[in-house]
Structure formats: C-alpha cells, structure tokens
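>>> below is the sequence, then the predicted model.
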Amino acid sequence: GAGVSQSPSNKVTEKGKDVELRCDPISGHTALYWYRQSLGQGLEFLIYFQGNSAPDKSGLPSDRFSAERTGGSVSTLTIQRTQQEDSAVYLCASSLKDRAADTQYFGPGTRLTVL
Amino acid sequence: AQSVTQLDSQVPVFEEAPVELRCNYSSSVSVYLFWYVQYPNQGLQLLLKYLSGSTLVESINGFEAEFNKSQTSFHLRKPSVHISDTAEYFCAVTFVGRDSSYKLIFGSGTRLLVRP
C-alpha cells in the first residue's frame, strides 16, 4: 500500500507567519509521530499520537508548536509566529501499533525555511 | 538521562572496503535497537533491528549489527561497501521502562561516504 505522505514537500515562509504541515500515515497505523531534523542534528521527537489517547506532547519546543490528528488518521503540525530557528525538515512517521518494538515508517519530510 | 551516541558524524571509505558505524547508548534494563538509513533525497527507512534472540542481526543488503549488552553498543558493519551505500545512518534505541512505558531516541547520525 501507499507509504506515509507529507505536504508540502517544501515551505518557505517569512518570520512571524504561521505554517501548517500535513501528514497522511499508512492506512491502519494507529501510532503517529512528528520529528524535527535540523542540519547536522539527529531526529528530535516532537509529538506522538496513539489511537484515542491523549497525545504525548513532551517534545514540543514551545507553545508556538501544536498538532492535531483528526479521525485517527491525518495529522497537522502547526507552527505559529515562525522563527528562523524553526527552519528544519519536519518528519512524520507512523507505526502499526503502540509497541516499543514496532518499526516506524517515515514520510519524505517537509523542508521548512523561515526567512 | 537516556541517550544514544554516534561519535562519527562522517565516515569516508573507499568502495569494497569494510566499514563500521558505531552506536552506543546509555545503560538500561531493557532496550530495542534499530538502524535506519536515509539515502540522498529520500525518507528514513529501517535497515535492521534487534528485539530479542540472536545478538547478530542482518539486513538484506549485507549490513549486520551486533547487540553487545555489556558494552551497551550496537555497531553497524559491512565487509565490503558499494557506492550505493552512501547515505546517512541513524541508530535508534527504544528504552523500555519498568512500567512498560517507552521512549525512542535517535542518535545524531553518521554520514557514510563511499568513494570509488
């Protein structure tokens, strides 16, 4: 079946603007993750959704970041009042179930550039 | 604090030479171990993983990694690399808590650059 898709693939915005990044997980996957990958850095965990449980937001760097997942499928990551340090590749991943051993399947990412 | 360390940010190697990409993690009672690979202009994909059983795990393209509990390591090796192996490799570790909670942490990545 189709893999994880993300849109847009690239986003250039001006400092102070809001942006929305979209993720479509693999159909049937109940767990969804957002990560941030900055140049020369590893993957930084942002937020995790599992079914109808409350999301784990422990990785969100500030209150300008928020995410929602509608209908247990599509997820949107919103960054308000973007700053230059928000420039990075934002990756979404999904896994079949909420298990520590599950493989995560990654989307191609959205490259965000804040001018 | 839990951590995953990939000391080498870049590893240049000639084609057909052997390579080892190092990964160490902070000590923990229970872990699951993964290597993900990111080819140029592509998303991350699983290369191999260790969950239990034999400490040596292999991928379909000739990579292998060995879980060494005493050294808290999961180094990735290949006896003979190809140009097509040029990519960024990420080690990831799931730390499982006594309450069955878990946290997946990625290393900072190692860029493998294979030269002809």
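Now that the structure is in, tell me what you want to look at.
>>> contact partners for residue 51?
Defaulting to chain A. A:30-31, A:72, A:98 (CB atoms under 8 Å, 6 or more residues apart in numbering or on different chains). Glycine gets a C-beta too; all of them are placed from N, C-alpha and C.
>>> wait, chain B
Each residue near B:Leu51 by CB under 8 Å, 6+ apart is listed here: A:101, B:32.
>>> so, low pLDDT: which residues of chain A?
Counting by pLDDT under 70, the ranges of chain A that qualify are A:1, A:40.
>>> how close does A:His29 sit to B:Ser54?
From A:His29 across to B:Ser54, the span is 28 Å (CB to CB, to the nearest Å).
>>> ok, those two, which is more surrounded?
Comparing A:His29 with B:Ser54 by neighbour count (other CB atoms under 10 Å in any protein chain shown), the higher total belongs to A:His29, at 18 against 9.
>>> ok, how many other residues are close to the residue lying closest to the more buried one once chain neighbours are set aside?
Residue nearest to A:His29 in three dimensions, not counting chain neighbours: A:Ser94, with 3.8 Å by CB to CB, 6 or more residues apart in numbering or on different chains. When counting by other CB under 10 Å, one arrives at 25 neighbours for A:Ser94.
>>> by contact count, what packs against the host helix or strand of A:Leu46?
Under the criterion of DSSP states H and E, A:Leu46 resides in strand A:43-50. Contacts defined by 3 or more CB pairs under 8 Å, 6 or more residues apart in numbering or on different chains; DSSP states H and E place strand A:43-50 against strand A:31-37, strand A:65-69, strand A:75-79, strand B:102-106.
>>> for chain B, which spans come out with low pLDDT?
In chain B (pLDDT under 70), no residue qualifies.
>>> quick check, central residue of chain A?
By CA atoms, centre = their mean, chain A has its centre lying nearest to A:Trp34, at 3.1 Å.
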